[in-house]
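Student: Give me a model of this one.
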Amino acid sequence: MSAQRKVAILGVDGADFAYYSRWMAAGLAPNFARLAARGRMGILQSTYPPVTAPAWISLMTGEQPGSHGIVGFAAPFTGAYTRKVVNSGSFDAPTIWEIAGRHGADKLVVNVPLTWPVRPVHGTLVSGMLTPEGASFTHPPEFQATLRRTQPDYVIDLIWQIYQGRGLDLVRDVTEMTRMQAGLCTRLLRSEPWDFFMV
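Tutor: Numbers count the residues shown, from 1 in each chain. The predicted model follows:
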């Protein structure tokens, strides 16, 4: 892939375009305003149902829930009446970065939901939401040790349910987690080759 053409996707779950537009116009979201001025920003029609898990899989694969088969955070086991939390093994369709990889693109994928278990990529992938505690969460696998050396307290996601009645603590911890993830992205964008980046 040509080094002159790069693609970066910044996905914000549950974002309301009207709020972001007002914040940018008021000067409250200057980084978003700079990104929007240099690239593209717009309203995406969500999936049906408009739920995080199927929506992210649709964004990653270009398929609707009726095609990739995920309509919520849990799916039934084949031949059983029990359900399991969905993950990257719950759908067969290739992701946008896997398709780009077929064309020789170097990829950086960080904190995208439902990327665990990690599928091998030509580049670096750090899984996102719904990664089990203590699981291997990077490709290549040895990058996890590097990440833990540079950011020993790196957080993939927070369990917001444990913050009942502690809203300020949740805001503090989400802010810190976001800073960690942004620091990782900045470091990778500067140190690793990439044609496609998604966070």
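
Student: Can you mark which positions in the longest helix anywhere in the chain are buried?
Tutor: The single longest helix within the chain, with elements called by DSSP state H, is helix 167-191. Residues of helix 167-191 classed as buried under the neighbour-count rule (16 or more other C-beta atoms under 10 Å) are 177, 180-181, 184-185, 188. For the C-beta atoms, the positions are set from N, CA and C on the backbone; glycine is no exception.

Student: what's the helix or strand just after that helix packed up against?
Tutor: Using DSSP states H and E, the helix or strand that follows helix 167-191 in sequence is strand 196-198. Contact here means 3 or more C-beta pairs under 8 Å, 6 or more residues apart in numbering; DSSP states H and E; on that basis strand 196-198 packs against strand 7-9, helix 96-102, strand 107-112.

Student: What average pLDDT does whatever helix or strand comes next after the shortest one get?
Tutor: With elements assigned by DSSP H and E, the helix or strand that comes after strand 7-9 is helix 17-25. Regarding helix 17-25, the rounded mean pLDDT is 91.

Student: Repeat that for stretch 185-193.
Tutor: 95.

Student: so what's the closest residue to Tyr48 other than its chain neighbours up against?
Tutor: Distances taken as C-beta to C-beta, 6 or more residues apart in numbering place Pro65 nearest to Tyr48, at 7.0 Å, with adjacent residues excluded. If a contact means C-beta atoms under 8 Å, 6 or more residues apart in numbering, then Pro65 has 47-49, 54, 57-58, 71 as its contacts.

Student: The same query, at a cut-off of 6 Å, please.
Tutor: Taking C-beta atoms under 6 Å, 6 or more residues apart in numbering as the criterion, Pro65 is in contact with 47, 54, 71.
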